[in-house]
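>>> turn this into a structure:
(4 chains)
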Number of protein chains: 2
Amino acid sequence: MARPSRRDVLLDAAERIVRDKGANHLTFDAVAAEANTSKGGLLYHFASKDELVAAMVERLVASFDGSLNAHAAADKSATGRWTRAYVATTAAPDGRSADDMTASALLAAVACNPGLIEPLRDRYRVWREAAAADGIAPEDALIAMLAADGLWIADLLGFAPPTGELRARLIERMGQLARGAG
Amino acid sequence: MARPSRRDVLLDAAERIVRDKGANHLTFDAVAAEANTSKGGLLYHFASKDELVAAMVERLVASFDGSLNAHAAADKSATGRWTRAYVATTAAPDGRSADDMTASALLAAVACNPGLIEPLRDRYRVWREAAAADGIAPEDALIAMLAADGLWIADLLGFAPPTGELRARLIERMGQLARGAG
DNA sequence: GTTAGTATACCGGCCGGACGGTCTATTAAC
DNA sequence: GTTAATAGACCGTCCGGCCGGTATACTAAC
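I've put the predicted structure just below:
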C-alpha cells in the first residue's frame, strides 16, 4: 500500500475520534490535533464539516464495494454469490469485530447530518437487487444480509455479540441460507 | 410507578427533536422550545444532558421489555417463544413502526455519550439468554433476532427496506426459524 | 384564618467555553 | 515566482450548565 495521501490521514484521524470519543466530539480542532496538523491544514482539504463527513461516507462506500466485488469474484459458485459476498464483507469471523472505520463514518453521518448517508442508501438499493437476483429465494438472501447487518450492529454497539463456537455456527448458518439450503 | 407526566412530555419532545432534526440538534434550548417550556424548567428535571439521554434510554428499555413480555405471555407455544417475541417487538409488519423511541434514544446516546447505552447492553445479554434457551437451535434463534435488528436498522436509516409481499415473506421466514422449522 | 415556613415546579438571563468557519501569513515544491 | 499546503489567530454564534428569583401548594402554629 502506497503512502496514504494526506486526505486519508485526516480521514483516519476523524474516524479515530468518532470511535474513541463519540460522534459529537468530531470537531475540526480535535481532528487536526489527532492528525498532528493544524485546523487550517484540515480546512484546506475539507471546506466544511459536511464535506468531511461526506468524504468519510464516500470512502466507506468505496471500501465496502471493493471488498464486495473481491469476494464475489473469488466465489466459484454463481448461486447466492452476491449474498455470500455481502455476508462475508459485513460479518467479521470472530475476535476482530466489524471494522470501526466504517462504523465511524456511519455514526458521524447520522449524528451530524442524516442526509449525508444518501450515497449509502443508493448502494444498498444496488446490493439488494444483486442479492434478489442471486438464484436463491429472495427472502433467504434477505435474511442472510439482514442478519449480517444485525451482527455488525451487535459488534459495534456491544449488544451481546455472539462469540466462539456459537458465532461460527451462526455464520455457517448464514452461508447455508446463501447457498439456497435454508 | 406512575412517573410524573411532565417528565414524559419532556422526553417526548427530546425524541421528536432527534427524529426530526438529528441527534446533534438535541440541545436544551431546542427541547425546551419543543415542549413549550423553559430551559430552566427542563434543567429542573434533568440536571445534565447525560441525565436527559440516560432517561431516554431507560424509558426505551422499559418499553421494549414490556412489549417483549406481552408478546411472550400471549404466545401459546413454548418452543421459540422468546425468539418470536423479540422478532415481533423489533420488526414492524410494514410501513412505519412505533420505534421512534428506540431510534431517538439510541441515536442520542451514541452521539452524546456511548457509555449511556450500557443499560441496553445489559438487557441484550438477558434477551439473548432467553432466546438461547428457547428450545430451538441457538443459531436459528440468533439469526432470527439479528435479522430483526437488521430490518429495524434498514427501516431506520432507509437502507432499501423491503416492503410489501417480500417483507411479509421475510417476516414469515423469521417466524419459521423461531419455530425451529429452519 | 392568618401567618410563617417549607417543598415542588418552573422561569429566563447569564457566563464561559467550545465550535464552525474566515483570514492572513508562512513554508515547500518545482 | 507561482502554486499547493500548512499554520494559527480570530470572530460570531451556539450550547451546556448555573443561579437568582417566582408561583403554587401544603402544613402547622397561634
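>>> where is the longest helix in chain A?
When chain A is parsed with DSSP state H, its longest helix is helix A:49-73.
>>> hmm, that one touching chain B?
No. Using Cβ under 8 Å from any Cβ of the partner chain, we find that helix A:49-73 stays clear of chain B, coming within 10.0 Å at best. In short, each C-beta sits where N, CA and C put it, glycine included.
>>> so A:A147 is in which element?
Here A:A147 sits within helix A:138-157, counting by DSSP states H and E.
>>> report all helices and strands that that helix contacts.
helix A:81-90, helix A:118-132, helix A:164-178, helix B:118-132, helix B:138-157, helix B:164-178 (3 or more Cβ pairs under 8 Å, 6 or more residues apart in numbering or on different chains; DSSP states H and E).
>>> now it and helix A:81-90, what's the angle there?
10 degrees (axes from the mean of the first three to the mean of the last three Cα atoms, to 10 degrees).
>>> now do helix A:138-157 against helix B:164-178, angle only.
Relative orientation of helix A:138-157 versus helix B:164-178 (the same axes, to 10 degrees): 70 degrees.
>>> quick one: mean pLDDT over helix A:138-157.
When pLDDT is averaged along helix A:138-157, the result is 93.
>>> next, the angle helix A:118-132 makes with it.
Angle, helix A:138-157 to helix A:118-132, by the same axes, to 10 degrees: 140 degrees.
>>> and the lowest-mean-pLDDT helix or strand in chain A, what does it pack onto?
Least confident helix or strand, chain A: helix A:100-112 with a mean of 83, by mean pLDDT, DSSP states H and E. Using 3+ Cβ pairs under 8 Å, 6+ apart, the elements in contact with helix A:100-112 are helix A:6-21, helix A:49-73, helix B:100-112.
>>> tell me the contacts of A:S104?
A:S104 makes contact with A:14-19, A:56, according to Cβ atoms under 8 Å, 6 or more residues apart in numbering or on different chains.
>>> same question for A:D65.
If you count contacts by Cβ under 8 Å, 6+ apart, then A:D65 has A:R123 around it.
>>> A:L157 too?
B:110, B:117, B:120-121.
>>> check which residues of the longest helix of chain A are buried.
Neighbour-count burial for helix A:49-73, counted by 16 or more other Cβ atoms under 10 Å in any protein chain shown, picks out A:49, A:52-57, A:59-61, A:64, A:67-68, A:71-72.
>>> neighbours of the residue in chain A that DNA strand C sits nearest to, how many?
Residue of chain A nearest DNA strand C, by Cβ to the nearest atom of the strand: A:T27 (3.2 Å). A:T27: 14 surrounding residues under other Cβ atoms under 10 Å in any protein chain shown.
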